[in-house]
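[1] this is a predicted model, with the sequence first.
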Amino acid sequence: MKILSLDVGDKTIGIAASDPLEMIATGIMTLERTNIKKDCDKIIDIVLRNECKRIVIGLPKMLDGSESLQTEKVKSFKEKLENKIKAQKVDADIVFFDERFTTKIAEQVLISADISRKKRKEVIDKQAAVIILQGYLEEKRGKDI
């Protein structure tokens, strides 16, 4: 089963997908946000094209684990996406995964790869989605053993 991951921000959504064996996460794209309907339609299109059965959304929390305004925005986004998925009878469920530090880790990965500051800005959200998904896949494998 393939899994899709989303790093949901106010302006963009980083998107990554796993391979069918759920071993490796690969960045797909950074979606420029327009409105919730179009954003959800685009994500559902990606889910269908990639035959994904699960969507993992990075849940932003404060360092102490408490919730923030951004946490509430992401929860609201998940609810709207779930409603759209149900309405279109798409066979995919949605789960959250703690995304604390993923953007910082993504930035460090890109810096170590000697990616220019301008290019990093273009791909940081996609890279964060990769890190969210890779973390989810590794945690899932640990639970399967």
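    Received it, and whenever you're ready, just let me know what you need. Numbers count the residues shown, from 1 in each chain.
[2] from here on, contacts and neighbour counts on C-alpha atoms
    Will do.
[3] run through the bridge partners of Ala17.
    On the basis of DSSP bridges, Ala17 is bridged to Leu4, Thr26.
[4] my guess is it meets Met29, correct?
    No - under the criterion of C-alpha atoms under 8 Å, Ala17 makes no contact with Met29, lying 9.8 Å away.
[5] when these two are compared, which one has more neighbours?
    Neighbour totals were compared for Ala17 and Met29, and Ala17 leads with 28 against 17 (other C-alpha atoms under 10 Å).
[6] how near is that one to Ala92?
    13 Å (C-alpha to C-alpha, to the nearest Å).
[7] ok, Gln70 next?
    24 Å.
[8] check the burial of Val47 by counting its neighbours.
    23.
[9] okay, now the residue nearest to it when sequence neighbours are not counted: neighbour count?
    Spatial nearest neighbour of Val47, excluding adjacent residues (C-alpha to C-alpha, 6 or more residues apart in numbering): Leu4 at 7.0 Å. For Leu4, the neighbour count with other C-alpha under 10 Å is 29.
[10] before we move on, what about Lys38?
    Residues near Lys38, counting by other C-alpha under 10 Å, number 11.
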